[in-house]
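Engineer: Provided below are the primary sequence and the corresponding predicted coordinates.
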Amino acid sequence: MDNKIRCRWCGSDELYQTYHDLEWGNPEHRDEALFELLILEGFQAGLSWITILKRREAFREAFAQFDYHLLANWTDAQLEAQMKNEHIIRNRLKISSVRTNALAFIKIQEKFGSFNQYIWEFVGHTPILNHFAQHGDLPASTEISVLLSKSLKKNGFRFVGPTICYALMQAAGLVNDHTTECFRHPNNS
């Protein structure tokens, strides 16, 4: 065990710590990775992130490595088959939203050039750096996540409420919410 001070939410779980140390809060600009985060955050609704993280590889396998071009063309039967997949979260509405969101994702790309261009516009293409002392100080949503949620819903996305959108913003680095004591906070670099 190392002596690094981390955001307390990742606890002592090695998988959680690795995700925290290497991924969470890093600015993500690849559309493929942003789509995966969007889908996984939707599946996480009502659950803990560690539940999703432990099943991430199973989700990737179940949903064609999150290839949104393939998923946009999935049949009802392909989606229904995932209801039998005990390695993922078997929620019919969340599973059906994968195809819906893939279609909406492609439309956003066509309209804005990329999903990256679209989503990063909400923060002026610069990550928001917060200075929260404790995990309990972090908001569940913000004005920006509310605006993002409304825009995504208007563009046909599902499972994109303000809280899910804020979690997406944190995961994709649009917001840096590493606590001020965490070694990953820029002030501690």
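Structural biologist: Received it, and whenever you're ready, just let me know what you need. All of these numbers come straight from a predicted model, not from anything done at the bench. Residues are numbered from 1 along each chain as shown.
Engineer: use CA for all of it now, contacts and neighbours both
Structural biologist: OK.
Engineer: low-confidence ranges, the protein, go.
Structural biologist: Within the chain, the ranges that satisfy pLDDT under 70 run 1.
Engineer: cutoff 80 now
Structural biologist: Scanning the chain for pLDDT under 80 picks out 1, 189.
Engineer: can you give me the helices in this protein?
Structural biologist: Using DSSP state H, the helices found in the chain span residues 14-22, 31-44, 49-54, 56-62, 68-71, 76-81, 92-112, 115-120, 143-154, 162-171.
Engineer: give me the neighbour count for Met77.
Structural biologist: Careful, residue 77 is Ala; it's not Met. Counted with other Cα atoms under 10 Å, the neighbours of Ala77 add up to 8.
Engineer: an error on my part: the question was meant for Lys84.
Structural biologist: Residues lying near Lys84 (other Cα under 10 Å) number 11.
Engineer: measure it to Leu53 for me?
Structural biologist: Distance, Lys84 to Leu53, by Cα to Cα, to the nearest Å: 20 Å.
Engineer: can you check His29 too?
Structural biologist: Distance, His29 to Leu53, by Cα to Cα: 20 Å.
Engineer: next one: Gly124
Structural biologist: Per Cα to Cα, Gly124 is found 29 Å from Leu53.
Engineer: compare the two (neighbour count), which wins?
Structural biologist: Remark: of Gly124 and Leu53, Leu53 carries more neighbours, 16 against 10, as counted by other Cα under 10 Å.
Engineer: in this structure Leu103 contacts Leu70, no?
Structural biologist: No - in this structure, Leu103 is not within contact of Leu70 by Cα atoms under 8 Å, at 9.9 Å.
Engineer: who has more neighbours, those two?
Structural biologist: Leu103 (20 against 14).
Engineer: what residues are up against Ala72?
Structural biologist: Applying Cα atoms under 8 Å, 6 or more residues apart in numbering to Ala72 gives the contacts 99-103.
Engineer: mind checking how far it is from Arg99?
Structural biologist: 5 Å.
Engineer: before we move on, what about Pro27?
Structural biologist: Using Cα to Cα, Pro27 is found at 25 Å from Arg99.
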